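Asker: Curious how this folds, go ahead:
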Amino acid sequence: MDGGSFEPQDRQVGRETRPEVSFMGRRRMRWNEKDASSLSPLSRREVQVLVEVDKGASNREIAYGLSVTEDTVKYHLKNIYRKLSVTRRTGALNVAKELGLIER
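Answerer: Next up is the predicted model:
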């Protein structure tokens, strides 16, 4: 490096080449509506869990409705909180609505 601007290098991974990306601060990235329209930060199942949370369902009710265990619902919620950079259900709902992942 010449001390100038940082240019990411490509690296070979299996059969495909991926850009070298620093993971420092990645979790702090906030999704905006433009990003959400092309790429959802949540899996389909995580969105289903959020829809049930929005209806006011408890973890037990969500588990019953989705035919999974309560621990699985808690796992999905933990991932939702991490991906949306929130710590509570209400925060997750607010961000998801802001991103258009669930209806307002």
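Asker: quick one: contacts for the nearest residue to residue 87 once chain neighbours are set aside?
Answerer: Closest residue to residue 87 apart from its sequence neighbours, by CB to CB, 6 or more residues apart in numbering: residue 81 at 6.0 Å. All C-beta spots, glycine's among them, are computed from the backbone N, C-alpha and C. For residue 81, the contacting residues are 87, 88, 91, 92, by CB atoms under 8 Å, 6 or more residues apart in numbering.
Asker: you'd agree residue 90 is in a helix?
Answerer: Yes. According to DSSP: H, G, I helix; E, B strand; the rest coil, residue 90 belongs to a helix.
Asker: Identify, from the contacts of residue 81, the entry nearest to residue 72.
Answerer: Of all those, residue 92 has the smallest distance to residue 72: 16.7 Å, by CB to CB.
Asker: The closest one is in contact with residue 86, isn't it?
Answerer: Yes. Between residue 92 and residue 86 there is a contact at 5.0 Å, judged by CB atoms under 8 Å.
Asker: just to revisit the earlier point, would you list the buried entries among the contacts of residue 81?
Answerer: residue 92 (16 or more other CB atoms under 10 Å).
Asker: Just the closest of the contacts of residue 81 to residue 69, please.
Answerer: residue 92 (20.1 Å).
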